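Colleague: okay, here's the prediction I keep looking at, along with the sequence it came from:
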Amino acid sequence: IVAALGPGLVNASLAITVVNMPFFARAVRGATLGLVGREFVEAARLSGLSHAAIIWREILPNVLPTIAITFTTLIGWIILETAGLSFLGLGAQPPQADLGTMLGDGRNLIQVAPHVSILPGLVILAIAIGVNLVGDGLRDVMDPRLKAGALTRPQAATAVAPRAAVPAPGGMLAISDLSTRFTLGTEVYRAVNGISLTVNPGEAIGIVGESGSGKTVAALSILRLVATPPGEIAGGAIHYRGEDLVAAPLPRLQEIRGDRIAYIFQDPLTTLNPLLSIGTQIAEGLTRHQPIGARAAWAQAVALMERVRIPDAAEKAKAFPHQLSGGQRQRVGIAMALANSPEVLIADEPTTALDVTTQAAVLDLLDELRRETGAALIFITHDFGVIARMCSHVHVMYGGRIVESGPVAEIFARPAHPYTERLLACRPKLGEPDRVLTPIPGLPPATNRLPEGCAFAPRCTQAGPDCAAPVALRAVGADHAAACIRVGRMAEAAE
């Protein structure tokens, strides 16, 4: 373009703009197309907003970080390209001068006066870096997700704060006084706040509670899968066969993950790689932990798919995640978890996104395979009905703490904590069509403002002044405990 128009700063600037603008437009268009099909844009369209309103209110604020970073990067390239053309004699012409011309003039003096060319080069470098840093700053201001660490590359294992050593208790898997927190700016969110539980070989335990009670964070903490930043294990220990996983180095954790302790995630569509076939992803877990070749791993992957009752497993192994139904993808997740015959399975609400029929089939399959392999199960759910079906022991969580634990039959028959009572009251029962389901009033507490006493007290109909004091789990019966002041009063009355 410069050759056709002739040398000069104006012509060079025009040529550089023409060449670079398509790259800028393509980047912005790609970001926009990634948003137009999102649910919040569809909701805005259904609410009756005009196209202009959707662009200004919904799309533009989400595209602005991309515009800022792309535009400032483009400015940096324009500065470099302008200096380059001037250096070659195609940009600014005498008597005009720019950094590229100064750099070119200093080339002839490089041996006797090197600073004449070095200084313009350093200024060009500083300007290019400075413009890009400004773009990064603008993006940080415009994108609130960065403040929460959502776009930060997570570490391979959850960070651990300095803590005192905890002796290993009994049990195959023992969690002792575990605390996990998230630090966002000056706020500290105590998602898990001093929980303890034990899992024995072949045992099935459930963790139940409302959304935000800390169930998933507690489960992710076992293998140190909580994203850092902003997550951090603040205290406690997790012992697997006497070994503290909180203190274990990353290579040791990677040996245990997917081998001795396996995780079944809630939504397999987001955890499966969309660009790899199902068989390849199952085989990858096998070759990671077993000394077998690719062909043998593929054969085992097909056998695992048949084991979890995926029809036409040999062909489905060649399919990609988006080509399977929700139930089939969840079965794939179970197959991947069982691939190396783990001793502990952690199932994080694995049937939440499935219809009732598929949910029942997946639960039956998971329970059957668990019994066949002898693996222990930690099952996380909102549904007490699923707990009754799958587990022998249950831990009820609220506000990051375990408020009641015990055998499932005992807790169903005689719940000791008001929160457990209210959860059970929300559960429909067969044969009682006229049963009134009473929701729990209010909302769960914010984990950055947890009270010292019972976190359920503001929503509890039986709360009193004594509930403001800290209360630990107290024995209700054999292997049954609850963190409620009423338990202490009942014990005193019995004495």
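Modeller: Here it is on my side, so go on.
Colleague: the strands in the stretch 201-350 of the chain, which residues?
Modeller: Secondary structure of the stretch 201-350 of the chain by DSSP state E, counting those that start in this stretch: the strands cover 204-208, 231-240, 243-244, 261-264, 344-348.
Colleague: now residue 180, nearest residue through space, not along the chain?
Modeller: The shortest distance from residue 180 to any non-neighbouring residue, by CB to CB, 6 or more residues apart in numbering, is to residue 192 (4.1 Å). The C-beta positions use only the backbone N, C-alpha and C, and glycine is treated the same way.
Colleague: okay but the one you found is in contact with residue 399, surely?
Modeller: No: applying CB atoms under 8 Å, one finds residue 192 not in contact with residue 399, separated by 10.1 Å.
Colleague: where does the residue nearest to residue 180 land in three-state SS?
Modeller: Secondary structure assignment for residue 192 (DSSP: H, G, I helix; E, B strand; the rest coil): strand.
Colleague: any regions of the stretch 101-250 of the chain where pLDDT drops low?
Modeller: 144-153 (pLDDT under 70).
Colleague: do a quick rundown of the helices in it.
Modeller: Taking DSSP state H, counting those that start in this stretch to define them, one finds helices in the stretch 101-250 of the chain at 115-142, 215-222, 250-256.
Colleague: in this protein, which residue is most central in space?
Modeller: Closest residue to the average C-alpha location of the chain: residue 227 at 6.3 Å, with CA atoms, centre = their mean.
Colleague: wait, that residue sits on residue 156?
Modeller: No: using CB under 8 Å as the test, residue 227 is too far from residue 156 to be in contact (10.6 Å).
Colleague: what does stretch 92-104 contact?
Modeller: Contact with stretch 92-104 is made by 7-9, 12, 82-89, 91, 116-117, 120-121, 123-124, as judged by CB atoms under 8 Å, 6 or more residues apart in numbering.
Colleague: same thing but 6 Å
Modeller: 7, 8, 9, 83, 86, 87, 91, 117, 120, 121, 123, 124 (CB atoms under 6 Å, 6 or more residues apart in numbering).
Colleague: can you give me the pLDDT of the second one?
Modeller: Residue 8 is assigned 73 on the pLDDT scale.
Colleague: please, which helix or strand holds the nearest residue to it once chain neighbours are set aside?
Modeller: The shortest distance from residue 8 to any non-neighbouring residue, by CB to CB, 6+ apart, is to residue 93 (5.7 Å). For residue 93, there is no host helix or strand (DSSP states H and E).
Colleague: so how far is residue 121 from residue 93?
Modeller: Distance of residue 93 to residue 121, computed by CB to CB, to the nearest Å: 21 Å.
Colleague: if we can go back for a sec, out of residue 192 and residue 399, which sits in the busier spot?
Modeller: residue 192 (29 against 23; other CB atoms under 10 Å).
Colleague: looking at the sheet around the closest residue to residue 169 other than its chain neighbours, what are its partners?
Modeller: Counting by CB to CB, 6+ apart, residue 169 lies nearest to residue 176, which is 6.2 Å off, once chain neighbours are set aside. Beta-bridge pairing for residue 176 (DSSP bridges): residue 237.
Colleague: pretty sure residue 176 sits against residue 239.
Modeller: No: checked against CB atoms under 6 Å, the pair residue 176 and residue 239 is beyond contact range at 7.1 Å.
Colleague: the closest residue to residue 255 other than its chain neighbours - how many residues pack around it?
Modeller: Counting by CB to CB, 6+ apart, residue 289 is the residue found nearest to residue 255 once chain neighbours are left out, at 7.5 Å. Using other CB under 10 Å, residue 289 is surrounded by 18 other residues.
Colleague: what of residue 342?
Modeller: For residue 342, using other CB under 10 Å, the count is 21.
Colleague: what does residue 81 give?
Modeller: For residue 81, using other CB under 10 Å, the count is 18.
Colleague: got the phi and psi for residue 482?
Modeller: phi -150, psi 150 (degrees, to the nearest 10).
Colleague: that one bridge partners, please.
Modeller: The partner residues for residue 482, given DSSP bridges, come to residue 404, residue 474.
Colleague: numbering from 33 from now on, please.
Modeller: With the count now opening at 33, the last piece we talked about shows up as residue 514.
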